[in-house]
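> have a look at this fold, sequence not included:
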């Protein structure tokens, strides 16, 4: 999975602003700091979903040496490491093994939400990846 550094900045009277030094034109915002990562993952995925040749992410050393990034960090900004989660629009059948008790709980939770087992597992996995980032 590709990972990209993003710069998060905040002025007193504004939302959190996020931009990606290696992905020109990609930006995000969030009113609450707790939403910064989720919104950044979504923005990055949407921005790059139809791009054939993905931009090459630079190392942390190269990012912090970048003049714009250096200025942002000196003014209170900070870096986050954002996973690229593309929605490719095609489903793939997989075979997994899972404990019967966990499977029963998944089926019950999915049913309560009006979801299929597959949709529930995919959504849960995506949330776990976003929360771990």
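Sure, I can see it. Fair warning: this is a prediction, and the values are worked out from it, not measured in the lab.

> so how far is the longest strand along the chain from its chain's centroid?
As assigned by DSSP state E, the longest strand anywhere in the chain is strand 3-10. Distance, stretch centre to chain centre, for strand 3-10: 11 Å (C-alpha atoms, centre = their mean, to the nearest Å).

> so after it, what's the next helix or strand?
strand 16-19 (DSSP states H and E).

> for that following strand, packing partners?
strand 3-10, strand 27-30, helix 36-48 (3 or more C-beta pairs under 8 Å, 6 or more residues apart in numbering; DSSP states H and E). For the C-beta atoms, the positions are set from N, CA and C on the backbone; glycine is no exception.

> average pLDDT for that strand?
Strand 16-19 carries an average pLDDT of 96.

> list the contacts of it.
6-10, 26-33, 36, 39-40, 43, 80 (C-beta atoms under 8 Å, 6 or more residues apart in numbering).

> go again with 7 Å.
6-10, 27-30, 33, 36, 40 (C-beta atoms under 7 Å, 6 or more residues apart in numbering).

> about what we covered before: columns mean pLDDT and distance to residue 57 on top of the helices and strands packed on strand 16-19, output as TSV?
Shown next, in TSV, are these (pLDDT from 0 to 100; distance: least, C-beta to C-beta, whole Å):
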stretch	mean pLDDT	distance to residue 57
strand 3-10	96	5
strand 27-30	95	16
helix 36-48	94	11
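
> this completes my enquiry, with thanks.
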